[in-house]
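[1] Everything below, folded, please.
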Amino acid sequence: MKPKQPNNHPDLFQLQLSQIININHPLVKLSHRINWGRLAEKIEACYTTEKGGQPPLPTRLLIGLYYLKYAF
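    Numbering: from 1, shown residues only. All right, here's what the predicted structure looks like:
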């Protein structure tokens, strides 16, 4: 089973993340330079649950958390 894709339907009463964060922050710039689709293709086999169990978290979230753990 592959991870669920994020829901891209905007909520009219919530702020967009781009309105809250600093676009010039180095981590934001890095996130725009990474090819997330290709990276997910290479790594998603590690996060599949063919025997059942809890559905996996989105691959981009897991990769981002691993990077933050490594960097900080």
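
[2] and the residue most central in space within the chain, how far is that from residue 52?
    Nearest to the mean C-alpha position of the chain, counting by Cα atoms, centre = their mean, stands residue 60 at 2.6 Å. With distances taken as Cβ to Cβ, to the nearest Å, residue 60 is found 23 Å from residue 52. (C-beta placed from N, C-alpha, C; glycine too.)

[3] cool, and residue 36?
    Going from residue 36 to residue 52 by Cβ to Cβ gives 27 Å.

[4] which of these two has more neighbours?
    Legend: neighbour count by other Cβ atoms under 10 Å for residue 36 and residue 52, higher for residue 36 (14 against 7).

[5] And for that one, nearest residue in space, chain neighbours not counted?
    Nearest non-adjacent residue to residue 36, counting by Cβ to Cβ, 6 or more residues apart in numbering: residue 60, 5.2 Å away.

[6] Just to check, the one you found is in contact with residue 35?
    No - counting by Cβ atoms under 8 Å, residue 60 stays clear of residue 35, with 11.2 Å between them.

[7] ok so, going back, and the residue nearest to residue 36, what's its pLDDT?
    At residue 60, the model reports a pLDDT of 85.

[8] the bottom helix or strand of this structure by mean pLDDT?
    For the chain, counting by mean pLDDT, DSSP states H and E, helix 17-20 ranks last in confidence among helices and strands (a mean of 80).

[9] okay, that one in PDB with CA atoms only?
    This file holds the C-alpha atoms of helix 17-20, laid out as PDB (Å, rounded to 0.1, in the frame of the first residue of the first chain):
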ATOM      1  CA  LEU A  17       1.400  28.100   4.900                       C
ATOM      2  CA  SER A  18       3.100  30.500   2.400                       C
ATOM      3  CA  GLN A  19       1.600  33.400   4.300                       C
ATOM      4  CA  ILE A  20       3.000  32.300   7.600                       C
END
